[in-house]
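Asks: Structure, please.
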Amino acid sequence: MNPLNDTILEVMQELRNDFVVDGEHGEYNIDTGEITLQNDYISGEWVAIVGSKLNDGVYMVKVGDRSHILTDGESNVTVTHDESFEGSVYRLRLPRLLISVCKDIQSYNPSDIVSERVDGDYSVTFATGKNGKPLTWQEKFSGELDQWRNQFHVSEVLR
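Replies: Alright, predicted model coming up:
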């Protein structure tokens, strides 16, 4: 299973929606999962890092004593590599419902079997699309995700 932050990034790319509120540009240093940011953030906010060599992606922020700790959003484990870079950090406003759907996507297994009891026997059915193949997460969750879908991609965050 992918970490939540990776699933969120993949969903954002699928939706062509960056959910960007504001951003900052400058020189940054990530050391053991900690980064010093210019703007004020509160624990639980999400950010996107762009312009690094090793850490481009989406992270949940935990506010530390003098810096911000970047986590995967689930286990509060830092998932970064130490590096210095010049780039951008964007504050994201991810709806709670979107994060909930991302968690459902994380646990979705297209080959899960739905069983029903019919006349004392079991009837086995796979969730399949028009092509007869198991539904992808994009197909399975499209109805829930469509409210955030953009027709065009307009920002640099997810490029």
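
Asks: Report the buried residues of the helix or strand where Ile8 lies.
Replies: Following DSSP states H and E, one finds Ile8 within helix 4-15. By 16 or more other C-beta atoms under 10 Å, the buried positions in helix 4-15 come out as Leu4, Asn5, Asp6, Thr7, Ile8, Leu9, Glu10, Val11, Met12, Glu14, Leu15. Glycine gets a C-beta too; all of them are placed from N, C-alpha and C.

Asks: in the protein, which spans are helices?
Replies: Residue ranges of the helices in the chain, as given by DSSP state H, are 4-15, 96-107, 137-140, 142-145.

Asks: Among these, which comes closest to Asp56?
Replies: When the helices of the chain are compared by C-beta to C-beta, helix 4-15 sits nearest Asp56, at 9.1 Å.

Asks: Now do the closest one and helix 96-107, the angle between them.
Replies: Using axes from the mean of the first three to the mean of the last three C-alpha atoms, to 10 degrees, the interaxial angle of helix 4-15 with respect to helix 96-107 works out to 110 degrees.

Asks: before we move on, back to that, I'd like to know which of the helices of the chain lies nearest to Lys130.
Replies: With C-beta to C-beta as the measure, helix 137-140 is the member of these nearest Lys130 (9.3 Å).

Asks: What's the mean pLDDT across that closest one?
Replies: For helix 137-140, the per-residue pLDDT values average out at 92.

Asks: what's the distance between it and the middle of its chain?
Replies: For helix 137-140, the distance between its averaged C-alpha position and the chain's averaged C-alpha position is 15 Å (C-alpha atoms, centre = their mean, to the nearest Å).

Asks: same deal with stretch 94-111?
Replies: Averaged C-alpha coordinates place stretch 94-111 at 9 Å from its chain's average position (C-alpha atoms, centre = their mean).

Asks: okay, the helix holding Ile8 in PDB with CA atoms only?
Replies: Backbone C-alpha positions of helix 4-15 (Å, rounded to 0.1, in the frame of the first residue of the first chain) are rendered in PDB as follows:
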ATOM      1  CA  LEU A   4      -1.200   8.500   2.100                       C
ATOM      2  CA  ASN A   5       0.900  11.400   0.800                       C
ATOM      3  CA  ASP A   6       1.800   9.400  -2.400                       C
ATOM      4  CA  THR A   7      -1.900   8.500  -2.900                       C
ATOM      5  CA  ILE A   8      -3.000  12.100  -2.500                       C
ATOM      6  CA  LEU A   9      -0.400  13.300  -5.000                       C
ATOM      7  CA  GLU A  10      -1.600  10.700  -7.500                       C
ATOM      8  CA  VAL A  11      -5.200  11.700  -7.000                       C
ATOM      9  CA  MET A  12      -4.300  15.400  -7.400                       C
ATOM     10  CA  GLN A  13      -2.600  14.600 -10.700                       C
ATOM     11  CA  GLU A  14      -5.600  12.600 -11.800                       C
ATOM     12  CA  LEU A  15      -7.900  15.500 -10.900                       C
END
